[in-house]
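Participant: Build me a structure from this.
(one chain, ligands or ions: 1)
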Amino acid sequence: MSPTLVLFHTNLRVGDNPALTAAAELGPVVPIFVLDEGFGRPIGNASRWWLHRSLQSLAKSLKGLGAPLILRQGDLIDAVKELVEETGAPRVFLQHGYDPSVQKGEAALHDWGVKSDVEIKRFAGQVLFPPETIRTQQDKPYTVFSPFWRTCLKQASFGPLVRCTALVPVAKQPGSLDLDALNLLPNGFDWTPGLSDAFTPGEAHALETLDAYLDDGLRSYKEMRDHPGHSPGTSKLSAHLRFGEISPRTIWHRTQDAMARNPDLARDGEWFLRELGWRDFSYNLLHHFPSLPEKPLRPAFDDFPWTEGPSTDLAAWQKGLTGFPIVDAGMRQLWQTGWMHNRVRMIVASFLVKELLIHWREGEAWFWDTLVDADPASNTASWQWVAGCGADAAPYFRIFNPVLQGEKFDADGAYVTRFVPELAELPKKYLHKPWEAPADILAEAGLRLGENYPRPIVDRKQARTRALEAFQSIKA
Ligand SMILES: Cc1cc2nc3c(=O)[nH]c(=O)nc-3n(C[C@H](O)[C@H](O)[C@H](O)COP(=O)(O)OP(=O)(O)OC[C@H]3O[C@@H](n4cnc5c(N)ncnc54)[C@H](O)[C@@H]3O)c2cc1C
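Facilitator: Predicted coordinates:
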């Protein structure tokens, strides 16, 4: 029996992996992963850490099933060609991806397959609803979430999930690189312990995280998902999804099962799946508007007067030293753990693009490098959403007030004091606006503004006026 090469890229899992299952049904399987950084945007440093750990976990699972993971680096087509020659495989199976660099790779592979008489077969699995299948009645792509999601829900019927339980290996295993040779981990100073403390990459942990969340967190999802200091709050599945360690269909099925077992979970479960729908919506946008990472969806924003040149404000934002506690807490959570709560992502992003008038692409690039869940679709679509230039976007003139947002969503200061411990002794009344605290209260709390915690880097009133004027200039 001829073997099948199964190419893993953004589906680093064994469960609900139709490409792997189909290959296993045909005979021997050679699972491969090729690190080719020639296609599109290289992944950021936090993602490289995650990928290393995720590949470690995948390799262990595949070895347990009987067919070890083969690692290669360099040009994707050259690597596949070599492996086809080494194994005699007449076909390559893979999951169809919707991000531009994966699609570029797929297209090149397809062309090579046609020329070389090697079957290249793609399988679904990255999203719940393939973007090609969700279109308006006028046969146009959706650019507003709610009608998009209503159409998705009408099509929501997913077959049972299948998990491979054994794989037949090829008699003569092709050579594989050592995982360390991919050089995914930082050289020199190891800044990753905070990430390891916060997350355990890999399929097994993704499934455990989901099940624990369905048991303990889901029941308060709708009410508490906006409160960053609340635990468990949200599921923290985003990086597992980004690397395909868990499929969105698995989340869908298990959430539906939890709702069927406990009807009290219906409201929160639906809301949770709706948020998962935003991920599909982002991929839908990226598929139909491939320039999303570079260009605003609303062309008027091409001429937006963003601040030019190097900026000390950008550095203060990146380091969590803006003097606005909720913004600083978010940016420090990101730096320390590789992740940030969704509500706080919106606040820090709004602060960057509206209060500091810095281009959303600067923020997107920082997130791309530092988030473990940095996702080609969700990151760009969300930044454009906050900046007001994207699909179904928050209007530009709606400027998040970091003080009011902090007071509303982190009223007891649990989140802010965790990541900005300098403020721990400050009475709650001033936690989100330390500059308003009288001198004796600051002294009692051990806070010296401008010394051990910054004064606000912008005057919000002026910043707001400047932002609205900038917006008027493109409307005119
Ligand atoms: C400026 C900005 C940048 C962002 N960048 C990313 C990114 O690079 N990668 C990323 O996965 N998400 C991104 N998001 C969306 C969202 O913040 C994260 O998906 C969410 O915080 C992940 O936490 P969770 O897994 O606990 O989410 P939960 O609330 O538990 O939601 C479950 C899953 O649904 C999806 N999801 C939830 N909310 C959104 C959303 N608004 N948009 C898209 N998908 C969503 C995620 O896959 C998430 O894991 C960004 C949001 C903003 C405002």
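
Participant: In the stretch 51-200 of the chain, what residue lies closest to the ligand?
Facilitator: Phe145 (9.4 Å; C-beta to the nearest ligand atom). Backbone N, C-alpha and C define where each C-beta goes, glycine included.

Participant: where does this structure dip in pLDDT?
Facilitator: Where the chain drops to pLDDT under 70, the residues are 309-310, 476.

Participant: Select the longest strand from it.
Facilitator: strand 29-35 (DSSP state E).

Participant: Enumerate the positions of whichever helix or strand comes after that one that are buried.
Facilitator: Toward the C-terminus, strand 29-35 is succeeded by helix 45-65 as the next helix or strand (DSSP states H and E). Neighbour-count burial for helix 45-65 flags 45-55, 57-59, 61-62, 65 (criterion: 16 or more other C-beta atoms under 10 Å).

Participant: Stretch 236-245 near the ligand anywhere?
Facilitator: Yes: among the residues of stretch 236-245, 236-238, 241-242 lie within reach of the ligand under C-beta under 6 Å from any ligand atom.

Participant: Could I have the CA atoms of that stretch written out in PDB?
Facilitator: The C-alpha trace of stretch 236-245 is given here as PDB (Å, rounded to 0.1, in the frame of the first residue of the first chain):
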ATOM      1  CA  LYS A 236      -8.400  31.300  27.200                       C
ATOM      2  CA  LEU A 237      -8.600  28.900  24.200                       C
ATOM      3  CA  SER A 238      -7.500  31.400  21.600                       C
ATOM      4  CA  ALA A 239      -3.900  30.200  21.200                       C
ATOM      5  CA  HIS A 240      -5.000  26.600  21.100                       C
ATOM      6  CA  LEU A 241      -7.400  27.600  18.300                       C
ATOM      7  CA  ARG A 242      -4.800  29.600  16.500                       C
ATOM      8  CA  PHE A 243      -2.500  26.600  16.200                       C
ATOM      9  CA  GLY A 244      -5.300  24.300  15.500                       C
ATOM     10  CA  GLU A 245      -4.700  22.200  18.600                       C
END
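
Participant: got the residues of this protein near the ligand?
Facilitator: 225, 234-238, 241-242, 275-276, 278-279, 282, 342, 345-346, 349, 367, 371, 373-375, 378-379, 382-383, 386.

Participant: What's the PyMOL syntax to select whichever of those residues are buried?
Facilitator: Command for PyMOL that selects the buried part of the residues of the chain next to the ligand, burial taken from 16+ other C-beta under 10 Å:
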select buried, resi 225+234+235+236+237+238+241+242+276+278+279+282+342+345+346+349+367+371+373+374+375+378+379+382+383+386
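
Participant: Let's see which of the residues of the chain next to the ligand end up in helices.
Facilitator: Applying DSSP state H to these, the entries found in helices are 238, 241-242, 275-276, 278-279, 282, 342, 345-346, 349, 367, 378-379, 382-383, 386.

Participant: can you pull the buried residues of the helix or strand hosting Ala315?
Facilitator: Assigned by DSSP H and E, Ala315 belongs to helix 312-319. Judged by neighbour count using 16+ other C-beta under 10 Å, the buried positions of helix 312-319 are 313-314, 316-318.

Participant: Pick out the residue closest to the middle of this protein.
Facilitator: Nearest to the mean C-alpha position of the chain, by C-alpha atoms, centre = their mean, lies Asp373 at 3.4 Å.

Participant: mind checking how far it is from Phe158?
Facilitator: 23 Å (C-beta to C-beta, to the nearest Å).

Participant: dump the residue contacts of the nearest residue to Gly40 once chain neighbours are set aside.
Facilitator: Leaving aside its chain neighbours, Gly40 sits nearest to Ser101 (2.6 Å; criterion: C-beta to C-beta, 6 or more residues apart in numbering). The contact partners of Ser101, by C-beta atoms under 8 Å, 6 or more residues apart in numbering, come to 39-41, 376.

Participant: and of these, the nearest to the ligand?
Facilitator: Checking these against the ligand with C-beta to the nearest ligand atom, the nearest one is Pro376 at 8.1 Å.

Participant: Does the closest one touch Gln103 like I think?
Facilitator: No: with contact defined as C-beta atoms under 8 Å, Pro376 does not count as touching Gln103 (10.4 Å).

Participant: ok, Leu5 - how many residues close by?
Facilitator: Close neighbours of Leu5, defined as other C-beta atoms under 10 Å, add up to 24.

Participant: again with Ala67
Facilitator: Residues near Ala67, counting by other C-beta under 10 Å: 24.

Participant: So it versus Glu85, what's the distance?
Facilitator: Per C-beta to C-beta, Ala67 is found 19 Å from Glu85.
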